Structures are given as structure tokens and as C-alpha cells.
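Build me a model from this:
(one chain, ligands or ions: 1)
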Amino acid sequence: MILAVFFAARQLCRFRHSSFYKAFDFKFEIDDFRGTLLISKPVNILLVDDREDNLLALNAVLRSQEYRLISATSGKDALACLEKDDFAVILLDVQMPGMDGLETARRVRRMERSINTPIILVTGMFPDEEHIRLGYEVGAVDFVPKPFDPRIMKCKVAVFAELFRKNETIREQEKQKAAEEELRRSRDQLKVIFERVADGIVVHNPDRTAVYANDRGAQVVGFETADALMGHDVTAAFGNRIDVFDEHGRPVPVQDLTSRRTLRGEYPEQEAVQRIRYSNTGLDRWFVVSSRPVLDAAGKPYLAVTIYRDITEEKRKKEDERFLADATAVLASSLDYQAMIEKVAVLAAERIADWCKFQLIDETGKLQALAVEGTEPTGEALDPVVVPIHGRDKNLGAIQLHSKGRKYDAVDLALAQELGRRVGMAVENAMLYLDVQAQRERLQKAVQSRDEFISIASHELKTPVTSLILHSEMAELQLNRKAPAEEIRERIRKYVRISASQIDRLSRLIEEMLDVSRIGSGKLAMELELVDLSRLVRGVLGDFSEQIRETGAQAAFDAVGEVMVRCDRYRMEQVVTNLLTNAMKYGGGKAIQVGLRTAGSNALLTVRDHGIGIAQEDQERIFQRFERAVPASDVSGLGLGLYIVKQIIEGHGGQVGVKSQPGQGATFTVTLPIV
Ligand code: ADP
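Okay, here's the model as predicted:
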């Protein structure tokens, strides 16, 4: 391609008077001057005579700067001269030995070159009519008898010389016209060809003036059209409308441009890859730039032909693909999506943006920034790109990209969207994996708790059953004893009382387990009625007074009076019972304070002990099923009491919580809406 353009440019330069290519004109002034000299150069006159003295005489008469006199001493000689040159006129002696003048004239006429050359026959003193007729017949145009009158001879020759010169001028002009026509045609052809070429072409001379460009070439160097560039400095737009960078992003100074180097004779030859940033659009384009010189006769470059091949799309496609591949590799490298988004952000800030921000939507629906990289845009940022981080069927967040002084186009947008899609997929996969993992952990824990529960439950159930068996056996033994009836009755009464408490314990355990299964299947029915919580608590405390006493503790109740709530009486008793029994179980026999007051529209029930207390990290989990904060061997229990309390209270639209420090006792607070 470059060769074709190179030859084409040279061809353009060969023709003269191009009004279209004004810039070429300066070169042809010298040729034009030479052309004028050519026209005034001496014309050839052929003198043919076998006699030297005659030739001398003719030479003497006709000598002039305007003529170049060539002598021939025979017809043969004359024909040889005519083969080599064009002559304005031939002075031909008729009487010559061998081939005479008439025969010579006949042959002259037959020669292509001299077919129209005028012949003046130089004859004897008085040529007869026959000779004259013969003379005209063979193509002579005039006769001069010997001895000739020098003035007449000079005049006649001058007429033919002038005629020859005029013809010569006309021929010259015709040649020129044909050349111009040829120039116009080839110029039009070239224009059509160049305009159809996809590459940009710019031809300029050493003072940087554009002598030719196609529209594309003009646009590459920052002009709108070829006409706007023509005759202007091709580097006029550099540094303002366009900035040129090399492949590695370094600015290229004007003097280092390929075309400039070509004109300095450095012939960079190799193609250079350059990026040009256009300030009007803020867009970058990539080109393969090659430049070839057009040399003058002395081998010095006087034109540089520069071709710009636009490789923006290929380059961009390759870079985008590479970026996406790298980003995908990063995204696939780990399940820690926070870390991988940070890495992708670094990559994006290096390769596709000056600044980027990756945000994900949190549980509350707000965007949280996960990674911010690059130099934050200040003032007005040109067209930032914002794309969603898309999951399979929902939006997970957003990516923002900014580039200083660069406008993002549709291709950039598509790339950013693809990045958003890939990040979304990776985040979703990671989340899914973490979810599955958490679920698996939960399941494992559930299985573990269940196993623990079964072993605890069987142990818990076995204890009262064993005690029951033991005491009924002991009671039976008493029946067969020979002892005073009163003593036997007393003992049996004691065993029955113990058995009754074991049955009570057993039935409470079974009730708890049944409640849990009811809660699990959503069948914990509540029968709501208006209840004075104060009375209810007092009642439960009364029921437990003996047991409390047995633990060595004391229970105080501090109530404000009637506190009416809408609740299921039985369940509410269960809540107070559970809290109270826990205070007895874990309270270390110390005082138990039960309080009831109102706060705003709520009733606040507190059960406070001064026992072992609960570590901070256990305070939430003890409200879950089977969760205990003490070793099973220390205090018996199924880990269900607080779970049931929480379910009942929440079922009433209330809340339950604990405040405690290990060793300092615990305060459980139940909040219930009052009526
Ligand atoms: P259980 O008492 O049968 O183990 P709960 O659900 O009633 O089951 O209690 C769960 C756990 O909470 C207990 O195992 C115990 O570790 C802790 N806990 C409950 N109440 C108290 C309290 N008043 N003081 C200290 N720890 C307590």
C-alpha cells in the first residue's frame, strides 16, 4: 500500500502546472524556465552539396546564432543526418554525382521524420520547366538558382526557420495540454482511489505543509476534511486538538513524528504504533503509522507520504479481552469476594479507568463501597460510566468508572457491563458457597445438638424414673416390714412425696419436650385473656415458696400493683416458672428478686439472682433450642426452658433478654405490652 501511494505521489509531482496541487508548483518553475530556453534554441538547417566551396558559401551566408548549420556532401550523407535530427529546411543541390538532388528529395519525402521538412532545391543557372516540374513533384517547395542572391537566400531560410519554430511551439503546447489532461485524469483517479482507501493518507513537504491528504488522513491529524488541511501545517493541531502518544503511553514530541523523521532522512521505515487523543471527543484512537519519503533527483527527501492505519478496534478488542480474562482469573481465584473485588478494582484502575468504585448492596438495601481505586475525579468528570453488578436475577451493586479527559463510548460501556456481570456472578457464587457452608455448619450443629439432647434427655428422664422405681420398691418393702404402723405410714408417705415430685419433674420434662415440638410445628396455641400479671407472678411465687426455701434462698417480689396484660394465663405462668426455676438452679441459694413495673405502654418483669451468671458470648445463644451454658453434669436441664420462654413472649408481642456478668448473677427481663 505504502508503495502504491509513494508512486502515486511521485507521479503527481511529475506533472506541471497543477492548479489543484498548488504546493507542487514551486518545484516546476525551473522546468518552465528551461522550457522557454528550449523554444529559442537554434533550429537545424541541412545544407547538401557535393562541392565544398558551395557549402562554405552557404555557411557564410546563413551563419547566425539562430541556426545550427549542418553540411552534407552527398544525398546519402544528407539522409543519414535526417534520420538523426529534425530540420527546419533542407538546401539541396540538384546536380550531385551518384544520387542527385531530385532522387535525394524523393527519398527524403519517404522518410517518416522528414516527410514534411521543406526542401529548397539549389539548381543551375536557369532550371528548365521540366526540372522545375520534377522538383515540385518530388516535394521541393522552392528553387534557388546558382549563383544565389545571399539576401534572398537568407530571407527564404528565415521564413522556413520561423515556420519551423512556430510549429515547434504548437507541438510543444499540444504536448503540454496532453500532459495536463493526463495529470487531471490521473489526479481524479487518485483522488477517487485515495478517498476509498480505509487508511488515512497525508503527504507533506519539509516545511510541514500538507500537499495531499484524504479526508481520513486529515481527520487523523486533527482536521475536519482534506480541504481544511490542504496548504496548512500538518502539525497545527498537535498539542491542542490532538495529543500523540507512543505505544507505551509516552507523549511523542512533534519533531519525533515519523513523517518529520522521514523528511530529515532518518527513514524510520518500521511502522510505529501510536495513540492519538482527540480533545473534542475525549476519545483515543490507535494507529499504525508508516512514512516513506519521495526523493528528488539528488536523492534528498522532499515529500513525506504518511499512512495511518486505524487499529483502534482491534487493539481495544484485544485489550478488553485481556482485561476481562485477567479480571475473571482474579474473580475465580478465591471465594473471599471482598478481597477479589479489591484486586479487580486495582486492575480496572490500571487498565480501563483512572478511578473506579465497586459497591455492593448490604442487607439493609444500602450501597456499601467495597473498593475504591485510583485518583478520585475532582470537579467535572467527563461522562462517568455506572453499571450494575448483576446477579442471576437481582442487582447486587454497582461499578463506577471515571477517566480523566476521556469520554466513554458504547464499547467501553459494553466492557463495563460485562465486568459488572462477571463480578456479579462471582459475588453470587461466593455468597452461595458461603451460604451453603453456613447451612452445612448449622445442620452439623443441629445434628450435634440433637444427639446431645437425646443423651441429655434420656439421662434427665432416667433420673426421676430411677428414683420413682427405687421409692416404689422401698414403699413396697415397708409394707412387709414388722414395724409400728405409724412408722411404716410415715416412711411410705415420704416415699410417695418423693415419687410425686419425681413424677412432677418427669411430667415437666415431657411437657417441655412437647412444647418444643409444638413450637416447631407452629401449634403452640394461645388462649388470650385479660390477666393481672402482678397476681399471676405472686401466685407462681407462692407455689414455689417451699422449693425456694429448700434451696436456702429467699424470694422477694416488688410490684407496682395491678398490671393488666392480654395473655395466655397458663403460658405466662410457664414463663415465670421457667425463669424462677432457673434462678433457683443457677442462683447458688442466694436471694432472688422478682420485680414488676410499667414503662410507657409496657409491663417490665425482672427476675434477678446472684448466682453463677452468664458469659457475654453465651447470652444470646441460651435462648435457642438445646443451648446450655453449663456442663450437663453440673446442673440438670434440657436447654429448652429459655427457648420456650422466648417463643411464648414473642408470641405475645413482647421481648425477653438477659443482663449478666459471670459470677455476679443474672437479670432476665420480660417486656410485654399492657392493655
Ligand atoms: P436448662 O436450664 O434446662 O439448661 P434453659 O433454657 O432454661 O435450660 O437455660 C439455658 C441455659 O442458660 C442453662 O443451661 C444455663 O446455662 C443458662 N441459664 C439460664 N438461667 C440462668 C441463670 N439464672 N443464671 C445462670 N445461667 C442461667
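
show me the residues around F623 that make contact.
L642, Y643, V645, K646, V656 (CB atoms under 8 Å, 6 or more residues apart in numbering). Using the backbone N, CA and C atoms, a C-beta is placed for each residue, glycine as well.

Please tell me the pLDDT value assigned to it.
On pLDDT, F623 comes in at 96.

And it, its phi and psi?
When read as degrees, to the nearest 10, the backbone of F623 gives phi -90, psi 0.

I'd like the contacts of F623 as TSV, with distance to R518 appended.
Formatted as TSV, the contacts of F623 follow (distance: CB to CB, whole Å):
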residue	distance to R518
L642	16
Y643	12
V645	14
K646	14
V656	18
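
looking at the chain, which helix or strand is least sure?
None of the helices or strands of the chain scores lower by mean pLDDT, DSSP states H and E than helix 25-39, at a mean of 37.

and the next element down the chain from it?
For helix 25-39, the following helix or strand on the C-terminal side (DSSP states H and E) is strand 43-48.

Just give the strands next to that next one in its sheet, each with its orientation.
strand 67-72 (parallel), strand 89-93 (parallel) (DSSP bridges).

Could you give the separation of it from the chain centroid?
81 Å (CA atoms, centre = their mean, to the nearest Å).

Would you mind listing the outside residues contacting that strand?
Applying CB under 8 Å, 6+ apart, the external contacts of strand 43-48 come out as 55, 58-59, 62, 66-75, 77-78, 81-82, 85-93, 96, 101, 104, 157, 161, 164-165, 168.

where does the chain dip in pLDDT?
Scanning the chain for pLDDT under 70 picks out the ranges 1-40, 125-127, 268-269, 379-383, 405-406.

What parts of it come near the ligand?
Contacts of the chain with the ligand, taken as CB under 6 Å from any ligand atom, map to 578, 582-583, 585-586, 609, 611-614, 622, 628-630, 637-643, 666.

ok, now how distant is A398 from the ligand?
Per CB to the nearest ligand atom, to the nearest Å, A398 is found 45 Å from the ligand.

and if you look at I307?
Separation of I307 from the ligand (CB to the nearest ligand atom): 85 Å.

Ok, L58 next?
From L58 to the ligand the distance is 148 Å (CB to the nearest ligand atom).

That residue falls within a helix, correct?
Yes: with DSSP: H, G, I helix; E, B strand; the rest coil as the criterion, L58 is part of a helix.

show me where the stretch 1-150 of the chain has helices.
Along the stretch 1-150 of the chain, the stretches classed as helices by DSSP state H, counting those that start in this stretch are 2-14, 25-39, 52-62, 75-84, 101-110, 129-137, 150-196.

from those, which stretch is densest packed?
Stretch with highest mean neighbour count among the helices of the stretch 1-150 of the chain: helix 101-110 (a mean of 20; mean count of other CB atoms under 10 Å).

quick one: which of the residues of the chain next to the ligand sit in helices?
If you go by DSSP state H, these have N578, N582, A583, K585, Y586, G641, L642, Y643 in helices.

Looking at those residues, which is nearest E271?
Of all these, the one with the least separation from E271 (CB to CB) is Y643, at 77.8 Å.

By neighbours, which of the ones in helices among the residues of the chain next to the ligand wins?
Highest neighbour count within these, by other CB atoms under 10 Å: A583, with 29 neighbours.

What sits closest to it if chain neighbours are left out?
Nearest non-adjacent residue to A583, counting by CB to CB, 6 or more residues apart in numbering: D609, 4.0 Å away.

Contacts only, for that neighbour.
Shown in contact with D609 (CB under 8 Å, 6+ apart): N582, A583, Y586, G587, G588, K590, A591, I592, Q593, G665, A666.

Look at the residue in the stretch 51-200 of the chain that the ligand sits nearest to and give its secondary structure.
Going by CB to the nearest ligand atom, the ligand is nearest to A198 of the stretch 51-200 of the chain, at 80.6 Å. Secondary structure state of A198, per three-state DSSP, is coil.

if we can go back for a sec, need the winner for burial among the strands paired with strand 43-48.
Counting by mean count of other CB under 10 Å, strand 89-93 has the highest mean neighbour count of the strands paired with strand 43-48, with a mean of 27.

pull the CA atoms of that strand into PDB?
Taking C-alpha atoms only, strand 89-93 is exported to PDB below (Å, rounded to 0.1, in the frame of the first residue of the first chain):
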ATOM      1  CA  VAL A  89      14.700  23.400 -44.000                       C
ATOM      2  CA  ILE A  90      16.900  21.500 -46.400                       C
ATOM      3  CA  LEU A  91      19.000  23.300 -49.000                       C
ATOM      4  CA  LEU A  92      19.600  20.600 -51.600                       C
ATOM      5  CA  ASP A  93      21.900  20.800 -54.600                       C
END
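
Run through who's touching that strand.
Outside strand 89-93, the residues that touch it by CB under 8 Å, 6+ apart are 45-51, 54, 58, 78, 82, 101, 104-105, 108, 114, 117-122, 140, 144, 153, 157, 160-161, 164.

Kindly recompute the last result at 7 Å.
Strand 89-93 is touched from outside by 45-50, 54, 58, 101, 104-105, 108, 117-122, 157, 160-161, with contacts defined as CB atoms under 7 Å, 6 or more residues apart in numbering.

same check, this time on stretch 626-634
Residues from elsewhere that reach stretch 626-634 (CB under 7 Å, 6+ apart): S449, E452, F453, I456, I614, A615, D618, R621, I622, G637, G639, L640.

do the same with stretch 149-167
V43, I45, V61, L62, E66, Y67, A88, V89, P118, I120, D142, V144.

quick one: buried residues of stretch 105-124?
For stretch 105-124, burial by neighbour count (16 or more other CB atoms under 10 Å) applies to A105, R107, V108, S114, T117, P118, I119, I120, L121, V122, T123.

from those, which two are the most distant?
Taking CB to CB, no two of these sit farther apart than S114 and T123, at 20.2 Å.

Restricting to C-alpha, output the longest strand along the chain in CSV.
Scanning the chain for the strand with the most residues, using DSSP state E, yields strand 283-295. Taking Å, rounded to 0.1, in the frame of the first residue of the first chain, the C-alpha atoms of strand 283-295 are listed here in CSV:
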residue,chain,number,x,y,z
LEU,A,283,-11.6,9.7,22.7
ASP,A,284,-8.4,7.8,22.0
ARG,A,285,-7.6,6.2,18.7
TRP,A,286,-4.8,3.8,17.9
PHE,A,287,-2.8,3.9,14.6
VAL,A,288,-0.1,2.0,12.9
VAL,A,289,1.8,4.9,11.3
SER,A,290,4.2,4.4,8.4
SER,A,291,6.0,7.1,6.5
ARG,A,292,8.0,6.9,3.2
PRO,A,293,10.0,9.7,1.6
VAL,A,294,9.7,10.9,-2.0
LEU,A,295,13.2,11.8,-3.2
